[in-house]
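**Student:** 3D, please:
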Amino acid sequence: MKAEAGRLGVWTLAMDAQPATRVRELAAEIEELGYGALWVGEEFGRNVLIQAGLLLGATDRLVIGTGIANIFFRDPIAMAAAERSLAEAHPGRFVLGLGGHRVNDGPLMHLGHRVPSGGRAVATMGSYLDAMDAVPLQSPPPAVPSPRVLGALGPKMLDLAGARTGGALPYLVPVAHTEDARARLGADALLAVEQAVVLDPDPGAARDLATAHVAKYLALGGAHVKDMMRFGYTEDELSGAPADRVVDALVAGGGPTALDAIAERVRAHFDAGADHVCLQVLTADRATAPISEWRELAALI
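**Tutor:** Next up, the predicted model:
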């Protein structure tokens, strides 16, 4: 799958706000622009597995990955059946990225597959993988094996990804994390890294976009904060409004030389051991797909 996905891809949630006809058009253009893969996240828009089927049907060569399919949104039987169905119908073009938030209450309340009180994320993921593997699927197997990857951040989850899946799709991480992940996963695993980018030429507006994006995730606490502290960032820098050096480590670009800065960050991830970098464009309007920015970024392919 490393060869099929290529070196550069797109990561986006913007497809959720588009009608299906527009989703098909956007996927076809992303393929035409030369990107190797399109990764779609999952919040409360389309079911990400149905979205993946829509995207696969609209393209011929593009690898489609879930980034990630939330394990708390569906039973392991449903996940395993969808994985096999998509992989069999589109050989060598589907990657199932798995992950999820370890919470039971609040705006991300998970119904169905709930985390036991005091449950650990790694143990929960391991049990979920066991359950998927145990499903006695009766549909035709894919001609080309479909890899799974985990949205892994911490050392134990990265170790699980290396031991039980085809690799990892880390989200919102500094380059230092990429180097650590490669060492833990080994040389053969797929390491696809999400990288947030801003192309706004106004330095102030770009900084505001980047800061708001980082602050949203750090405010949740948990894995992202712990991960940044592993690489030398302090609690003071990570709490409240994140420090500039935190934002700069997690978001690339902004200002009149944005494309050059993004190119430099992508090279840094490759030098640190990434096989593939998927770019998430940050804009002020999340409801509009950033097609003009994807066209501009295609110069990096």
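**Student:** not counting its neighbours along the chain, what's nearest the residue nearest the centre of the chain?
**Tutor:** For the chain, residue 67 is the residue whose C-alpha lies nearest the centre (Cα atoms, centre = their mean; 3.7 Å). Among residues not flanking residue 67 along the chain, residue 39 sits closest, at 3.7 Å (Cβ to Cβ, 6 or more residues apart in numbering). Where you see a C-beta, it was placed from the backbone N, CA and C, and this is true even at glycine.
**Student:** give the pairing partners of the host helix or strand of the one you found; include direction for each.
**Tutor:** In this structure, residue 39 is located in strand 37-40 according to DSSP states H and E. In the sheet, strand 37-40 lines up against strand 8-12 (parallel), strand 63-66 (parallel) (DSSP bridges).
**Student:** ok, back up a step: the residue nearest to the centre of the chain: what's it in contact with?
**Tutor:** Residues near residue 67 by Cβ atoms under 8 Å, 6 or more residues apart in numbering: 11, 39-41, 97, 151, 169, 171, 194, 278.
**Student:** hmm, residue 71 is touching residue 129, no?
**Tutor:** No - using Cβ atoms under 8 Å, residue 71 is not in contact with residue 129; the gap is 9.1 Å.
**Student:** what residues does the lengthiest helix in the chain touch?
**Tutor:** Ordering each helix of the chain by length in residues (DSSP state H) puts helix 203-218 first. Helix 203-218 has contacts (Cβ under 8 Å, 6+ apart) with 172, 196, 198, 200, 224-225, 228, 238-239, 241-242, 244, 246-247, 250-251, 253-256, 258, 282-284.
**Student:** and the residues you listed, which are buried?
**Tutor:** For those, a burial check counting by 16 or more other Cβ atoms under 10 Å picks out 172, 196, 198, 200, 224-225, 228, 238, 242, 246-247, 250-251, 253-255, 258, 282-283.
**Student:** filter those residues down to the ones in strands?
**Tutor:** 196, 198, 251, 253 (DSSP state E).
**Student:** just put these in JSON lines and tack on distance to residue 184 and pLDDT.
**Tutor:** Output for these, formatted as JSON lines (distance: Cβ to Cβ, whole Å; pLDDT from 0 to 100):
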{"residue": "196", "distance to residue 184": "23", "pLDDT": "98"}
{"residue": "198", "distance to residue 184": "29", "pLDDT": "98"}
{"residue": "251", "distance to residue 184": "24", "pLDDT": "98"}
{"residue": "253", "distance to residue 184": "28", "pLDDT": "98"}
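**Student:** so which of the residues you listed comes closest to residue 31?
**Tutor:** residue 196 (22.3 Å; Cβ to Cβ).
**Student:** so what's the closest one bridging to?
**Tutor:** residue 251, residue 280.
**Student:** output the helix or strand encompassing residue 77 as CSV - backbone C-alpha positions only.
**Tutor:** Residue 77 is located in helix 76-89, with elements delineated by DSSP H and E. Coordinates of the C-alpha atoms in helix 76-89 are reproduced here as CSV (Å, rounded to 0.1, in the frame of the first residue of the first chain):
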residue,chain,number,x,y,z
PRO,A,76,-16.9,-4.8,15.5
ILE,A,77,-19.1,-7.0,13.4
ALA,A,78,-20.3,-4.0,11.3
MET,A,79,-16.7,-2.6,11.1
ALA,A,80,-15.3,-5.9,9.9
ALA,A,81,-18.0,-6.5,7.3
ALA,A,82,-17.6,-3.0,5.9
GLU,A,83,-13.9,-3.4,5.7
ARG,A,84,-14.1,-6.6,3.7
SER,A,85,-16.8,-5.3,1.4
LEU,A,86,-14.9,-2.2,0.5
ALA,A,87,-11.6,-4.0,0.1
GLU,A,88,-13.1,-6.7,-2.1
ALA,A,89,-14.9,-4.3,-4.3
